[in-house]
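Visitor: turn this into a model:
(chains A, B and C)
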Amino acid sequence: MIAHYILQPELRHGMDYLADIYLNYRTIHIEELIGGKGKNQLNMRSVDLDKIIEYAAEDADITFQLKQILEKEIKENKLENLFYEIEMPLMQVLAAMEKTGVLIDHVALKQSSEILTADMNAIEKEVYQLAGFEFNVTSPKQVGEVLFDRLKVVDKGKKTKTGQYSTNEEVLEGLRGKHPIVDKILDYRGLKKLLSTYIDALPALINKKTGKVHTSFNQTVAATGRLSSTNPNLQNIPIRDEQGREIRKAFTAESNCVFLSADYSQIELRIMAHLSGDTHMIEAFLSGQDIHAATAAKIFHLPIEEVTGDMRRKAKTANFGIIYGISVFGLSERLGIPRGEAKELIDGYFATYPKVKEYMDNSILTARQNGWVETLFGRKRFLADINSHNSVVRGYAERNAINAPLQGTAADIIKIAMVNIYRRMIKENVQSTMVLQVHDELNFNVHNSEIDAMKRLVTEEMENAIQLRVPLKVDVGVGVNWLEAH
DNA sequence: AACCTCACG
DNA sequence: ACGTACGTGAGGTTC
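Guide: Coordinates of the predicted model:
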């Protein structure tokens, strides 16, 4: 699966699919043994042994045949380093993290649940009061009909592409002040999300034997080379809002241990500096300046001390936009400024960092010529739509051409760091364990006797995973829980 | 299963 | 006129 993921990151990687594509062979599907999914599905132990023999032998046979083909292709495409030195060793690191698990304070979550459920129910009643009738507040369809057809909060509601009223946060924010019910619906949604996705869901996933939560890291899902996390997803635990932060507090260290969190500072922008070779951006990072303030100073032609908060905010949004393949529309939407002003900001940005502009143009050109772009370590992303005659479709591919090498190189780098950290932890025989990866951040359960050593080890390996034209900076912290460690 | 919404980097 | 910043996973509703 991983070999095929490296070769064709956008496609599927299951054995049935690969057998069809590479061997022109249709495998026995599991449903043929145990039936389709549903309550009548059999357990494997009740299947006829003769059938199981056939099925299991085929599994081994096909896997071996695929190995012969895929290892040759890895070699032909010069992907041996990425495959043998990064992805394959990483597999063990991920397995160890999954097995270790992370400790969750379910008592704290239970207390939060009781308080917030009461709050949510009270808000629900207020919503009914304000509407004058009851309806399902968790149904976007009903919320839309209530706001736009019955209460007529505004004349015309924005519609989704299927013709339903759009009621997402952005739309509701725009309706604040038009009717008191809008605030209440937003409050209700916020609480509902926290309760159903995290507070009430996580305790149910605590393993009875270990007392911890064990996520699955998927190594073959994200087209850019990132990992993903499921059952539960521990890569989207709240942090931005005050209420959400409470949930992070429930991720704790084990006894006699602390939670250690280490994250790369501005890694994708540093990779942009490296790949583009832009002297001014490189200089800003080398001098250790606040990159957003430094960017603002250059765009607005001011000394850095005279940069206002608003200028920095604009430059920060522009910096993020650059990573995503900036558009005038996107920047104006996010900053809430006219398109003309967004265009001027982007022009100023490119004048400030001319090689960044060149890099972006080059990425698109490379994609057009080759049909793919790649990371610093040769991880490819194919962009079939790059020459599409549909400008919307093509625009999407173009932004991918810019973003994929940046996001993907960052993914490569943290994977290298993880492998190196894991090896050193074994070699130095530590009691501490790696527990979570969140794209640019690594988290550890660190024994009290190893705090200084682990801080050093982790920072060293993350910052020195690879030598770029700019330094890689890591912020590290410890605390009794994930929130405090950040 | 599709859709909408929203949590994270 | 359309539809636009990148990558994910999960819960809930609706069909």
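Visitor: can you show me the strands along chain A?
Guide: Along chain A, counting by DSSP state E, strands occupy A:102-104, A:212-213, A:216-218, A:228-230, A:251-252, A:257-265, A:372-374, A:380-382, A:433-437, A:441-447, A:473-479.
Visitor: right, and these - which one's nearest DNA strand B?
Guide: Between DNA strand B and the strands of chain A, the tightest spacing by C-beta to the nearest atom of the strand is seen for strand A:441-447, at 5.8 Å. (Each C-beta comes from the backbone N, C-alpha and C, glycine too.)
Visitor: could I get the strands of chain A as a markdown table with mean neighbour count?
Guide: Converted to a markdown table, the strands of chain A look like this (neighbours: other C-beta atoms under 10 Å):
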| stretch | mean neighbour count |
| --- | --- |
| strand A:102-104 | 22 |
| strand A:212-213 | 19 |
| strand A:216-218 | 17 |
| strand A:228-230 | 16 |
| strand A:251-252 | 22 |
| strand A:257-265 | 22 |
| strand A:372-374 | 19 |
| strand A:380-382 | 21 |
| strand A:433-437 | 23 |
| strand A:441-447 | 24 |
| strand A:473-479 | 17 |
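Visitor: any chance of those strands in JSON lines, plus mean pLDDT?
Guide: As requested, the strands of chain A are arranged in JSON lines below (pLDDT from 0 to 100):
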{"stretch": "strand A:102-104", "mean pLDDT": "96"}
{"stretch": "strand A:212-213", "mean pLDDT": "94"}
{"stretch": "strand A:216-218", "mean pLDDT": "94"}
{"stretch": "strand A:228-230", "mean pLDDT": "93"}
{"stretch": "strand A:251-252", "mean pLDDT": "96"}
{"stretch": "strand A:257-265", "mean pLDDT": "97"}
{"stretch": "strand A:372-374", "mean pLDDT": "96"}
{"stretch": "strand A:380-382", "mean pLDDT": "95"}
{"stretch": "strand A:433-437", "mean pLDDT": "96"}
{"stretch": "strand A:441-447", "mean pLDDT": "97"}
{"stretch": "strand A:473-479", "mean pLDDT": "96"}
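Visitor: select, out of those, the one closest to A:D290.
Guide: strand A:257-265 (10.6 Å; C-beta to C-beta).
Visitor: so who does A:I337 touch?
Guide: Applying C-beta atoms under 8 Å, 6 or more residues apart in numbering, we find A:I337 in contact with A:K314, A:L331, A:L345.
Visitor: for it, give me the pLDDT.
Guide: Listed pLDDT for A:I337 reads 91.
Visitor: same question for the one 10 residues further on.
Guide: With respect to pLDDT, A:D347 scores 95.
Visitor: same deal with A:K141?
Guide: Predicted confidence (pLDDT) at A:K141: the value is 90.
Visitor: now do the same contact list for it.
Guide: Contacts of A:K141 by C-beta under 8 Å, 6+ apart are A:Q164, A:Y165.
Visitor: what's the answer for the one 10 residues further on, then?
Guide: A:L151 makes contact with A:A131, A:H179, A:I181, according to C-beta under 8 Å, 6+ apart.
Visitor: and the helix ranked longest in chain A with strand A:257-265, angle?
Guide: Criterion DSSP state H: the longest helix present in chain A is helix A:391-427. Interaxial angle of helix A:391-427 relative to strand A:257-265 (axes from the mean of the first three to the mean of the last three C-alpha atoms, to 10 degrees): 140 degrees.
Visitor: so helix A:391-427, near DNA strand C or not?
Guide: Yes. Contact of helix A:391-427 with DNA strand C (C-beta under 7 Å from any atom of the strand) involves A:S391, A:V392, A:G395, A:Y396, A:R399, A:N400, A:N403, A:A404, A:Q407.
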